[in-house]
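Chemist: show me how the following folds:
(one chain, ligands or ions: 1)
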Amino acid sequence: MKAKKHKTIPWSREITGRIPLRIFGTFLCAAALFAGLVSCGGRSEAKSSDEDSGIILGFSQIGAESAWRNCNSRSVQEAAHDAGVQLLFENAEQKQENQIKAIRSFIAYRVDVIAFVPIVADGWDNVLREAKTAGIPVLVTDRKIVTEDPTLYAGFIGTNSEEEGRNAGRFLVNKFADEGMKKPVRIVELYGTEGSSPAMGRARGFREILADHPEFSIVYSESGDFLHSRGYEIMRSVLDSGIAFDAVFAHNDGMVLGALEAMKESGIAPGKDVAIVTIDAEQAAIDALRAGEVNCVIECNPKTGPAIMDLAKRLAAGEKIPRLMHVEERVFSEGDVGLDELAPRGY
Ligand code: AHR
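Modeler: Numbers count the residues shown, from 1 in each chain. Sure, this is the predicted structure:
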């Protein structure tokens, strides 16, 4: 496959693939119509090469807050290239307003399909209504939205945050039971971005499991925004304020890796003095699991690019897609057979 060029147009920071000819073609069409030469129907003006699917996908990513996120972006970009899908890729730098702007530009550009990772769950109805009016199908990915009108998007593909939280809860309950460890168990929770579906889902799933085990309690919970630096800061201030705890549940590896640094600085041996559970399964967290500094890593699968391209093609062809598609995810725990032979994670 030939390498495609990266080009820039004013409203888009990054484009992978050929420049869409639609807008330019519209002007040509108008001129030709005026001259009575051709009839303008659909998008025949945007000629595809053999390897092109002829599909333009507008993708709004939330940013680059974690190694997980960067892998997710790479997966989408590489899959678009491999599938011959022209990708208009926008990075919102953690701002919902930037995502809304990006989606509006995709609509103005008349892309075939829009996909986006909603940074928070609420506040999408207006812009999605605009996409619907323009007849552009929308795929929600990685994070979920809350809306009273389910017709505003075609489907969701991504992780099952509730189940990730449940798996974290199950691990802690079983660990403390199996090892006959002391109770009560006091937990510090580092949760993700306020109002985001993974933060809400993971918190909900975790609490669902703990609800049957009153000897477990969350003694401190704060949002670290999925950031390594915030994980460090929060743990530093928890330790400085003298809060006692037996376990840490972090909603992502970035935050846990920051927290491990703070604990080690204070002479705490994470994974031994304190049980550590985290979500994502970045290479660094798997390495920490192998080193005994983390006890359980729950996979959150970022490699959804190929599935997104497949769904984009189906939507562009006018097909229906399933409403809810959860990707497969594993749980890696201390003592698992084959941990040392795990293939490199790629993020
Ligand atoms: O939405 C998925 C979460 O966002 C990942 O767990 C986290 O690392 C990312 O930034």
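
Chemist: for the rest of this, base every contact and every neighbour count on C-alpha atoms.
Modeler: Noted.

Chemist: domains in the protein, by residue range?
Modeler: Partitioning the chain according to automatic domain parsing yields domains covering residues 21-158+302-316, 161-300+331-341.

Chemist: the last one and the ligand, any residue contact?
Modeler: Yes - applying Cα under 6 Å from any ligand atom, one finds domain 161-300+331-341 in contact with the ligand at 198, 226, 252, 280.

Chemist: and the end-to-end length of that domain?
Modeler: Its start and end residues considered, domain 161-300+331-341 measures 27 Å (Cα to Cα, to the nearest Å).

Chemist: please apply the same query to stretch 79-94.
Modeler: In terms of Cα to Cα, the two terminal residues of stretch 79-94 are separated by 23 Å.

Chemist: buried set for that stretch?
Modeler: 79-92, 94 (16 or more other Cα atoms under 10 Å).

Chemist: what's near enough to touch residue 60?
Modeler: Neighbour list for residue 60: 89, 90, 91, 92, 99, 102, 103, 115, 116, 117 [criterion: Cα atoms under 8 Å, 6 or more residues apart in numbering].

Chemist: now with 6 Å, please.
Modeler: Contacts for residue 60 were tallied using Cα atoms under 6 Å, 6 or more residues apart in numbering; they are 90, 116.

Chemist: those strands in this protein, which residues are they?
Modeler: Applying DSSP state E to the chain gives strands spanning 6-9, 12-16, 56-61, 86-91, 113-116, 138-142, 155-158, 185-191, 216-223, 247-250, 275-280, 296-299, 324-326, 331-333.

Chemist: strand partners of the fourth one, parallel vs antiparallel please.
Modeler: What it means is strand 86-91. The partner list of strand 86-91 in its sheet, established with DSSP bridges, is strand 12-16 (antiparallel), strand 56-61 (parallel).

Chemist: next one: the longest one
Modeler: The strands that strand 216-223 pairs with in its sheet are strand 185-191 (parallel) (by DSSP bridges).

Chemist: how about the last one?
Modeler: Strand 331-333 has its sheet partners listed here by DSSP bridges as strand 296-299 (antiparallel).

Chemist: got the CA coordinates for the partner strand in PDB?
Modeler: Taking only C-alpha atoms (Å, rounded to 0.1, in the frame of the first residue of the first chain), the coordinates of strand 296-299 have been written out as PDB:
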ATOM      1  CA  CYS A 296      -4.100  -6.600  39.300                       C
ATOM      2  CA  VAL A 297      -4.400  -4.900  35.900                       C
ATOM      3  CA  ILE A 298      -7.700  -4.900  34.100                       C
ATOM      4  CA  GLU A 299      -7.400  -4.500  30.300                       C
END
